[in-house]
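> Sequence first, then the predicted structure:
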Protein chains: 2
Amino acid sequence: MFLERMQPFQLKPVDFSVLSVVAHNPGITSRQLCTALGILPPNLVGMVNALEKRELVLRRPHPHDGRAMGLHLTPSGQKLMRDAEKTAAALEADVASRLTPAEQRTLISLLKKVYQPE
Amino acid sequence: MFLERMQPFQLKPVDFSVLSVVAHNPGITSRQLCTALGILPPNLVGMVNALEKRELVLRRPHPHDGRAMGLHLTPSGQKLMRDAEKTAAALEADVASRLTPAEQRTLISLLKKVYQPE
DNA sequence: TATTGTTATACTCTATAACTATA
DNA sequence: TATAGTTATAGAGTATAACAATA
């Protein structure tokens, strides 16, 4: 369902995540982004390159660290993400509405109870 | 957790699934196995080759269809799967025991209610 | 003509080693 | 010396096309 709803934006899940984290953390470095998303640095390079080619993000030199690059959304990237995040929120609301608020709380509580990694 | 518990048997999840389906459906053809597991035929070949090299499964000509091969577990494959399935059942019981039977029923019911693919 | 098993192949995802430039 | 970003590369996982043997 997420794939379908993101098709108008031509965003894969990982692209959405990258753009969303950058949108809410402008100037974040590649390293920090990798840590936040559980992506390895070599695998992020190509994604950012592609998003940069689409003029959705841009790399700017980091103000305090000459080695690092700060990531930012372009104006068109910001516009795209406003719409994409609205769509994602609508999807979540659609799915959540299948349960009453009480059921939602029960489900989350039971899932937390079963999910205890050893 | 499944990966860890299957390590003594050197079985990846897909290997466990293949061996389990063959164990309970001796003589099943590659096509049927692919349909059952959602695997594409070209991608099953290598898995069965590897399991055959480990002498866990064997391909025998199909009795009624000269094109097809019937898949069977070897004696050592049967022994391995008896232990592996016991281990898998124990894991499932361990996780299930984190909820009371009533909670288990509630969780399954709520999950069924949210999971309605569009 | 259609199907089974197979080969070859390509594309994606993920992972590690090593380089460069800065710290 | 350690770290950030990058390159090259290797290994899984997954997908399609095409072929030989058989139906």
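Yep, that arrived.
> which SS state does the residue of chain A found nearest DNA strand C fall under?
In chain A, the residue that lies nearest DNA strand C is A:Gly66 (2.4 Å; CB to the nearest atom of the strand). For the C-beta atoms, the positions are set from N, CA and C on the backbone; glycine is no exception. Classification of A:Gly66 using DSSP: H, G, I helix; E, B strand; the rest coil returns coil.
> per-residue pLDDT, it?
For A:Gly66, the pLDDT comes out at 97.
> How about the contacts made by it?
Contact analysis of A:Gly66 by CB atoms under 8 Å, 6 or more residues apart in numbering or on different chains lists nothing.
> For it, give its distance to A:Val45.
According to CB to CB, to the nearest Å, A:Gly66 stands 19 Å off from A:Val45.
> cool, and A:Phe9?
22 Å.
> Those two: which has the busier surroundings?
A:Phe9 (17 against 11; other CB atoms under 10 Å in any protein chain shown).
> For the more buried one, which non-adjacent residue is spatially closest?
Among residues not flanking A:Phe9 along the chain, A:Ala84 sits closest, at 4.7 Å (CB to CB, 6 or more residues apart in numbering or on different chains).
> May I have the host helix or strand of the one you found as CSV, with CA atoms only?
According to DSSP states H and E, A:Ala84 maps onto helix A:75-96. Extracted in CSV, the C-alpha atoms of helix A:75-96 (Å, rounded to 0.1, in the frame of the first residue of the first chain):
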residue,chain,number,x,y,z
PRO,A,75,12.6,24.0,-2.4
SER,A,76,11.2,21.4,-4.8
GLY,A,77,12.3,18.7,-2.4
GLN,A,78,10.4,20.5,0.4
LYS,A,79,7.3,20.8,-1.7
LEU,A,80,7.5,17.1,-2.7
MET,A,81,7.9,16.0,0.9
ARG,A,82,5.0,18.1,2.2
ASP,A,83,2.8,16.2,-0.2
ALA,A,84,4.4,12.8,0.3
GLU,A,85,4.2,13.1,4.1
LYS,A,86,0.6,14.1,3.9
THR,A,87,-0.1,11.0,1.8
ALA,A,88,1.8,8.8,4.2
ALA,A,89,-0.2,10.2,7.2
ALA,A,90,-3.4,9.7,5.3
LEU,A,91,-2.5,6.0,4.7
GLU,A,92,-1.6,5.5,8.3
ALA,A,93,-5.0,7.1,9.3
ASP,A,94,-6.8,4.8,6.9
VAL,A,95,-5.3,1.7,8.3
ALA,A,96,-5.6,2.8,11.9
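> average model confidence for that helix?
98.
> Return the set of buried residues in it.
A:Gly77, A:Leu80, A:Met81, A:Ala84, A:Thr87, A:Ala88, A:Leu91 (16 or more other CB atoms under 10 Å in any protein chain shown).
> isn't the third one right up against A:Ser20?
Right, A:Met81. Yes: at 6.5 Å, A:Met81 counts as touching A:Ser20 under the criterion of CB atoms under 8 Å.
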